[in-house]
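J.: Here's a sequence, model it:
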Amino acid sequence: MQKPQDLVPVVPQSDLVPALEDRHIEILVQVCGEALKSNVDEVASNLVNEVDRDFVHMWPGEHYRLLAGFAARLNPQLAIEIGTWQGAAAAILSRTCKRVVTFDVVAIDGIPGSIPELLERYPNVSQVVANLLDDEIWRENSTVFSSADLVFVDGPKDGVFESVVVPRILGVMKPGSVMVLDDIRFAGMQDLWKNQISFPRIDLGSFGHFSGTGVVFR
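T.: Numbering: from 1, shown residues only. Okay, the predicted model is just below:
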């Protein structure tokens with residue numbers, strides 16, 4: 001029986017509508033160029049475990065340097081992350097983004113292996129401890145998403161959360177903003193990626209996370 005986090009074949013780009021425009025491809029090329037130049041040593045050095053430091057440096061294969069590339073290319077006033085985990089992505093985004101808001105159901109200081117004192121080290125990062133799947137929580141926080149230039153979604157991929165939350169977010173994001181969506185090659189993400197998103201998008205898994213790095217242009 002297939003589980004939501006089983007890896008499955010990539011959805012062909014030709015199956016995704018609407019199609020990417022040339023300007024989207026130009027942005028992606030520039031993002032990869034910025035990722036190539038990015039230096040994530042400082043963020044990696046703040047992580048507790050060696051294996052996590054290695055993940056931050058790995059590119060292609062992981063998305064951290066690609067996120068650095070997006071932040072450098074887009075120069076966001078506001079970036080939002082869903083799924084703080086150990087804080088590496090938020091820290092990387094904070095170097096170029098004026099403000100970073102990261103959402104999780106667990107406070108960063110309660111996550112094993114997280115960057116110690118993340119919010120003190122990176123004062124332009126703030127964390128909201130809340131579940132965006134909850135309707136009231138979403139209503140309370142939806143306006144911040146309408147101001148975001150970049151949204152990175154790295155939630156539980158349980159077959160439920162993203163299918164509800166991602167369309168909500170895309171529905172309020174402003175034109176010209178970008179969503180980066182992790183693990184789109186998981187079985188539980190396939191219907192969302194192929195059928196529930198109505199904006200130009202592409203899987204950059206070979207340049208980002210091996211399990212799929214979806215980029216959606218709003």
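J.: Go ahead and flag the most central residue of this structure.
T.: The centre of the chain sits closest to residue 152, judged by C-alpha atoms, centre = their mean, with a distance of 2.3 Å.
J.: Any idea what that residue is bridged to?
T.: Note on residue 152: beta-bridge partners by DSSP bridges are residue 81, residue 180.
J.: I figured it hits residue 76, correct?
T.: No - contact criterion C-beta atoms under 8 Å: residue 152 and residue 76 do not qualify, at 10.5 Å. Just so you know, the C-beta spots here come from the backbone N, C-alpha and C atoms, and that holds for glycine as well.
J.: which neighbours do the two share?
T.: Common contacts of residue 152 and residue 76 (C-beta atoms under 8 Å, 6 or more residues apart in numbering): residue 93.
J.: isn't residue 144 right up against residue 102?
T.: No - using C-beta under 8 Å, residue 144 is not in contact with residue 102, being 11.5 Å away.
J.: Return every residue with contacts to both of those two.
T.: Here residue 144 and residue 102 share the contacting residues residue 80, scored by C-beta under 8 Å, 6+ apart.
J.: For the two, indicate the residue with more neighbours.
T.: Taking other C-beta atoms under 10 Å, residue 144 and residue 102 do not tie; residue 102 has more neighbours (27 against 15).
J.: buried set for the longest helix along the chain?
T.: Ordering each helix of the chain by length in residues (DSSP state H) puts helix 22-37 first. Neighbour-count burial for helix 22-37, counted by 16 or more other C-beta atoms under 10 Å, picks out 24, 27, 28, 31, 32, 34, 35.
J.: before we move on, what about stretch 62-79?
T.: For stretch 62-79, the neighbour count (16+ other C-beta under 10 Å) marks 62-74, 76, 78-79 as buried.
J.: and residue 102, how far is that from residue 140?
T.: Between residue 102 and residue 140 the distance is 16 Å, computed by C-beta to C-beta, to the nearest Å.
J.: can you tell me which residues contact residue 215?
T.: 28, 178, 179, 180, 181, 201, 202, 203, 204.
J.: Phi first, then psi, for it.
T.: Note on residue 215: backbone dihedrals following degrees, to the nearest 10 are phi -120, psi 120.
J.: so can I have TSV of the contacts of residue 215 showing distance to residue 10 and pLDDT?
T.: Putting those into TSV (distance: C-beta to C-beta, whole Å; pLDDT from 0 to 100) gives the following:
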residue	distance to residue 10	pLDDT
28	16	98
178	20	98
179	18	99
180	17	98
181	14	98
201	13	98
202	11	98
203	6	97
204	11	96
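J.: List just the nearest of those residues to residue 17.
T.: For the contacts of residue 215, the residue nearest residue 17 by C-beta to C-beta is residue 201; the value is 9.6 Å.
J.: Find the nearest non-adjacent residue to that closest one, please.
T.: Nearest residue to residue 201 in three dimensions, chain neighbours excluded: residue 216, at 4.4 Å (C-beta to C-beta, 6 or more residues apart in numbering).
J.: Can you name the helix or strand that the one you found falls in?
T.: Following DSSP states H and E, one finds residue 216 within strand 213-217.
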